[in-house]
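A.B. asks: Here you go, sequence then predicted model.
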Amino acid sequence: MPISVLLVDDEPLYAALLAQRLTSRDFTVTVAADGDEALRAAAASPPDLVLLDVNLPGKNGLEVLADLKGAGFAGEALMLTGQAGVESAVAGMKLGAADYLSKSQDFGELVAALTRAYGRKLDRAESVRVIEVDRLAALGRVAEGAAHEINNPVTVMTTLAGWIEDLCDDLPGSCAETATEIRQSARQIAGQGTRIKSVMLNLLKCGGRFDPRPSNIRPHEAVAAVLADRAGRIRELGIVCDNAVPEALVVCFPPGALELVGSVLVDNALDAVEGRGGRVRIEATAGDGAFTLSVADDGPGIAEAVAGRIFEPFFSTRDSNTRSGLGLAAARGVARGLGGDITYEHRPGGGCLFTARFPGF
């Protein structure tokens, strides 16, 4: 995939010529003439690199760099100037600029600097991914120990609840009302015990605990099975679900991982359109060394204020009494355990798009 560069310069001829030369070296270049245009372009399509003129009309390059960093820009920025100055160079480096280049610099050296900066971006992204995988693995190890210590007493608790129900059958008829209340309480205890076990299972999945052995599977059939399990709810809510996964597609992939990720993303989409009679669409592709599964809905979307937290364990925008808040966290844990990831995108026309991408499959 070409390296994307946002070139910010107010000299049209210089910017056009440089963009043309970079394009000939297989870079993808977007040109912006000032800071505000650059910020809009970066927000619409985040580039890998920003090549930023220091002397811009309105906001100067340093101010634009500060705004980019404040907006969460994750790429690398290189400062470009016709008049090199030590003070502005130092200021740019303090703001996180990867390099400080002269406009008169040899083009080959400029390309080399951009390539080095892109390498640093990839290294940083990989470091973040490794840290996240390690964190989730640690969570999985903690969950394994907790599951052993919690599941045994919970099993005893639910077994005793069933026994209490059986004992109610031996109570005299005069205690019928009391027996009914006891049965209801016993069933609630058993139900909460089942919920605890489900939470512990999802915690294990957050840490990437699943059978990693791949086999040849048809994603269309896997998605069809997920939708069939939810057919009653789908019909009751009046939701249209499109299984747009090609029927002929075959991938060598861990079946358990696909089942879990697909189930979580579909359930999440159904929750989003519940009460709206909306539409959910599932697609999948295989190519360029990766298997990709995407689930889109036309619900209200996710509020920007909480969008950054949706993959956190135990965070949920739904009723906490019915949702553990572990679904998306578990799915992402499985995805990252396979070297992939799950991303969220707010669709311009409304709704959400979740994409799970697995390289190497």
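C.D. replies: Received the coordinates, thanks.
A.B. asks: Show me the chain divided up by domain.
C.D. replies: Per automatic domain parsing, the structural domains of the chain span 3-105, 132-206, 215-359.
A.B. asks: Pick out the shakiest of the ones you listed, pLDDT-wise.
C.D. replies: For the domains of the chain, the weakest mean pLDDT is recorded on domain 132-206, namely a mean of 76.
A.B. asks: any chance of the domains of the chain in TSV, plus distance to Arg124 and mean neighbour count?
C.D. replies: From N, CA and C alone the C-beta is placed, and that goes for glycine too. Formatted as TSV, these follow (distance: least, CB to CB, whole Å; neighbours: other CB atoms under 10 Å):
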stretch	distance to Arg124	mean neighbour count
domain 3-105	8	17
domain 132-206	13	15
domain 215-359	15	17
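A.B. asks: closest one to Leu114 among the ones you listed?
C.D. replies: Smallest distance to Leu114 across those (CB to CB): 5.9 Å, for domain 3-105.
A.B. asks: Can you show me the helices along this structure?
C.D. replies: 12-24, 35-44, 61-70, 86-94, 107-168, 176-206, 219-229, 231-237, 255-273, 304-307, 327-337 (DSSP state H).
A.B. asks: ok, residues contacting stretch 4-14?
C.D. replies: Stretch 4-14 is contacted from outside by 15, 18-19, 22, 27-35, 37-38, 41-42, 45, 47-53, 55-57, 61, 64, 80, 103, 114, using CB atoms under 8 Å, 6 or more residues apart in numbering.
A.B. asks: same deal with stretch 246-253?
C.D. replies: 214-220, 284-286, 291, 358, 361.
A.B. asks: among the domains of the chain, which is nearest Asp123?
C.D. replies: Short answer: domain 3-105, nearest of those by CB to CB, at 10.6 Å.
A.B. asks: and that closest one, how far apart are its ends?
C.D. replies: This stretch, domain 3-105, spans 20 Å end to end (CA to CA, to the nearest Å).
A.B. asks: Kindly report the same for stretch 250-260.
C.D. replies: End-to-end distance of stretch 250-260 (CA to CA): 18 Å.
A.B. asks: Let me have the domains of the chain in TSV, extended by distance to Lys121.
C.D. replies: Below are the domains of the chain laid out as TSV (distance: least, CB to CB, whole Å):
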stretch	distance to Lys121
domain 3-105	5
domain 132-206	17
domain 215-359	16
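A.B. asks: And the ones you listed: which comes nearest Arg120?
C.D. replies: domain 3-105 (5.9 Å).
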